[in-house]
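J.: turn this into a structure:
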Amino acid sequence: MQHLGKKSVWVKDLRRRIRSRVPGQVIIDGAKVLDDLIRWDVRILELYLSADLSRSPEAAAWIAAADRVFEMDAEVLVSLAPTRSPQGVLAVVEEPRWPAWQASSGVGLYLEGVQDPGNLGAIIRSAAGLGAAAVLLAPECADPWGPTAVRGSAGVVFRIPVERDASLSRAADRLRAHQGELWATGSEGRPLGNWSPSSPFLLMLGAEGQGLSKEALAVADGIVSIPLQRDVESLNVAVAAGILLSHLSGQV
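T.: Numbering: from 1, shown residues only. Alright, predicted model coming up:
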C-alpha cells in the first residue's frame with residue numbers, strides 16, 4: 001500500500017479524473033456502494049483510503065478486492081471527495097458495458113433532458129428496483145456514471161442496462177419490430193388508473209417543466225398522465241417515474 005501526499009502525481013491525476021470523468025472509469029465515493037460493487041464482482045481498479053480507515057477491519061475486504069491500493073491523509077481525501085459527505089474511501093472501478101436493449105420484452109425507460117444527476121440516479125434506482133428492462137438516455141441527459149448519479153442510484157446503476165446517447169428513432173424501430181408501443185407522459189392523457197399497456201413498450205419521460213420534445217410526442221402511440229390535486233401542475237421527474245413503474249410492477 002502506497003502513501004500519497006497532497007502533491008503526489010497520483011493525487012493530481014485523481015483530482016483531474018474526478019473533475020472530468022475518463023470514459024470506461026467510474027469514481028465511487030462511499031463505503032456502502034463499494035461493498036455492493038465488490039459483492040457484484042465489479043472490478044476495483046484503484047482504491048484510495050484515509051490513513052486511519054486503511055487499518056480498520058472493514059477495509060480488509062476492499063483492499064483484497066482492489067488492483068491497486070493507496071492511502072492518504074484524511075484532509076487530502078476530503079478535499080478530493082466529489083460528494084458532500086465523504087466517508088474516507090474513494091475507488092475507481094470499471095464502467096459496465098451493456099448491450100443495447102432489443103425491445104423484445106419488458107419496459108424500457110427513455111429520458112429526455114434529465115440533467116440533474118441526483119434525479120437521474122433516483123430514476124435508475126426505481127427502474128432497477130421495479131423491474132424495468134433498461135434505461136435509455138437522450139444525449140442531453142446527465143452522466144449516469146458521475147459520482148452524484150451513482151450515489152443517487154445507490155450503486156444499482158451497475159445492475160441495470162443503461163444506454164447513453166440513445167436514438168429515439170432507433171429505439172422506436174426496435175419496438176415496432178416486436179409489435180411494441182411508445183408511451184409518452186404528460187398532463188393530458190390517459191389517467192394512470194386506466195392504463196395497462198402490454199409488453200414490450202417504451203415509457204418516455206421529460207425533465208420537469210419542459211416535458212418531452214415535440215419529436216418524442218410525435219412518435220408516441222399514447223400519453224399517460226398521473227392525476228394530481230390542489231392545482232399541482234407536475235411532479236418531480238424521479239417521483240413520476242417511481243409512480244409509473246410502481247403501477248406497472250407485476251404487469252410487464
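J.: list the buried residues for the strand of greatest length in the chain?
T.: Counting by DSSP state E, the longest strand found in the chain is strand 181-191. For strand 181-191, a neighbour-count test (16 or more other C-beta atoms under 10 Å) marks E181, L182, W183, A184, T185, G186, G189 as buried. All C-beta spots, glycine's among them, are computed from the backbone N, C-alpha and C.
J.: quick one: which of these is nearest to S249?
T.: W183 (15.7 Å; C-beta to C-beta).
J.: for beta bridges, what are the partners of that closest one?
T.: L203, G222 (DSSP bridges).
J.: correct me, but it touches V219?
T.: No. W183 is beyond contact range of V219, at 10.6 Å (criterion: C-beta atoms under 8 Å).
J.: and the buried residues of strand 181-191, which is the shakiest by pLDDT?
T.: Lowest pLDDT among the buried residues of strand 181-191: G189, with 82.
J.: so who does it touch?
T.: The contact partners of G189, taken as C-beta atoms under 8 Å, 6 or more residues apart in numbering, are G222, I223, V224, S225.
J.: burial measure for the first one, as a count.
T.: The burial count assigned to G222 is 13, neighbours taken as other C-beta atoms under 10 Å.
J.: mind listing what it touches?
T.: Neighbouring residues of G222 by C-beta under 8 Å, 6+ apart: E181, W183, A184, G189, R190.
J.: 7 Å instead?
T.: By C-beta atoms under 7 Å, 6 or more residues apart in numbering, the contact list for G222 reads W183, G189, R190.
J.: nearest to A91 among those?
T.: Distances from A91 to the contacts of G222, taken by C-beta to C-beta, are shortest for W183, at 38.0 Å.
J.: ok, the closest one to R174 distance?
T.: As judged by C-beta to C-beta, to the nearest Å, W183 and R174 stand 15 Å apart.
J.: all helices for the stretch 101-250 of the chain, in order.
T.: 117-129, 147-152, 168-177, 214-219, 237-248 (DSSP state H, counting those that start in this stretch).
J.: same list (the ones you listed) but as TSV, adding distance to V135.
T.: Below are the helices of the stretch 101-250 of the chain laid out as TSV (distance: least, C-beta to C-beta, whole Å):
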stretch	distance to V135
helix 117-129	5
helix 147-152	11
helix 168-177	11
helix 214-219	15
helix 237-248	10
